[in-house]
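*Asks:* Give me a model of this one.
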Amino acid sequence: MANLKEIRNRITSVSSTMQITSAMKMVSAAKLKKAQDAITAMRPYAEKLTELLQNLSATLDGDAGGEYTTQREVKKVLVVAITSNRGLCGAFNSNVIKEVKNRAEYYTGKQVDVFAIGKKGNDILTKTLSVVDNQSQVFDHLTFDNVTVIAETLTQKFVTGEYDKIELVYNQFKNAATQIVQVEQFLPLAAIKTDKPASTGDYIFEPSKEEIVLTLIPKSLKTQLYKGIRDSFASEHGARMTAMHKATDNATELRDQLKLTYNKARQAAITNEILEIVGGAEALKG
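*Replies:* Modelled structure (predicted):
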């Protein structure tokens, strides 16, 4: 059994760790509320924009999407990996990294490059895959304008033929304890499938439907990427809050066990001292 001093040191160490994890949990909880409100407020807009694009596209020819819907033989694929800049958030980053590697295996025989958004994903994926760019700084000031620059870069890579297909891999926010890894096709735009009938209202379009669609598509792509990064941002804080909550609970349990061990060791030491004193007294009497 460890001596009392070693146990006291361990209790102090675990208690300090517990204070840190508890503080990180509270910080993440505060940030989660803001991030959750942002993604919750954005989803109706993104869904309405998609619905509007669906209604217009359903009344047009299949090639109305222009260069954004061009289907080419897939030889070069770009996978956009959205992770975080910091760790201590459970399996949040590792799930995305694992899925990116699965996508690379799926496209075996083709050129697969990675576009990293998040320092953690960039650090790990550079060891095994080809990472062509890293835009981790977007999380320093997460705004639509900053994400727009990245979306335009990705769009340009597809339009110029540098890549034949671009996919997004990120964690979709469901709640603080649940994040779902999503793989979305960014470009080319997939054929829009919907069970809803196209709108048949008597509308006058100015300018033409084709021009409206070609204006909406870039905006829709920017919104799709911004929504994915916002989802990932909220998921990160939810995952970190959950991980720190579990770490605090584990530290509390370990501290209680160490205290029990310490009390047992102290009691044993006291008992031994009493026995030695009694034994010494009996020896003097004899």
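*Asks:* only C-alpha atoms for contact and neighbour calcs from this point on.
*Replies:* Will do.
*Asks:* all strands in the stretch 151-286 of the chain, in order from the N-terminus.
*Replies:* If you assign secondary structure with DSSP state E, counting those that start in this stretch, the strands in the stretch 151-286 of the chain sit at 165-175, 178-187.
*Asks:* closest to I229 out of those strands?
*Replies:* The stretch from these with the least distance to I229 (Cα to Cα) is strand 165-175; that distance is 7.6 Å.
*Asks:* Roughly how far does the residue lying closest to M26 once chain neighbours are set aside sit from Y262?
*Replies:* Across the structure, with Cα to Cα, 6 or more residues apart in numbering as the measure, the residue nearest M26 apart from its sequence neighbours is M241 (7.4 Å). Relative to Y262, M241 is positioned 31 Å away (criterion: Cα to Cα, to the nearest Å).
*Asks:* These two: which has the busier surroundings?
*Replies:* M241 (29 against 21; other Cα atoms under 10 Å).
*Asks:* Check the strands of the stretch 151-286 of the chain for me and report the most buried one.
*Replies:* Relative to the other members of the strands of the stretch 151-286 of the chain, strand 165-175 carries the highest mean neighbour count by mean count of other Cα atoms under 10 Å, namely a mean of 22.
*Asks:* Would you mind getting the angle between that one and strand 178-187?
*Replies:* Using axes from the mean of the first three to the mean of the last three Cα atoms, to 10 degrees, one finds that strand 165-175 and strand 178-187 are set 160 degrees apart in direction.
*Asks:* how far is strand 165-175 from where the chain is centred?
*Replies:* Centroid separation between strand 165-175 and its chain, computed with Cα atoms, centre = their mean, to the nearest Å, is 8 Å.
*Asks:* could you say what helices and strands the longest helix along the chain packs with?
*Replies:* Longest helix in the chain by number of residues (criterion: DSSP state H): helix 209-285. Here helix 209-285 is seen to pack against helix 4-57, helix 92-106, helix 144-159, strand 165-175, strand 178-187 when contacts are counted using 3 or more Cα pairs under 8 Å, 6 or more residues apart in numbering; DSSP states H and E.
*Asks:* now these in a markdown table, with distance to E211 and mean pLDDT?
*Replies:* Listed next are the helices and strands packed on helix 209-285 as a markdown table, based on distance: least, Cα to Cα, whole Å; pLDDT from 0 to 100:
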| stretch | distance to E211 | mean pLDDT |
| --- | --- | --- |
| helix 4-57 | 11 | 90 |
| helix 92-106 | 35 | 97 |
| helix 144-159 | 18 | 96 |
| strand 165-175 | 24 | 95 |
| strand 178-187 | 19 | 94 |
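*Asks:* show me what contacts the spatially most central residue of the chain?
*Replies:* Closest residue to the average C-alpha location of the chain: S232 at 4.0 Å, with Cα atoms, centre = their mean. With contact taken as Cα atoms under 8 Å, 6 or more residues apart in numbering, S232 is in contact with 82-84, 170-173.
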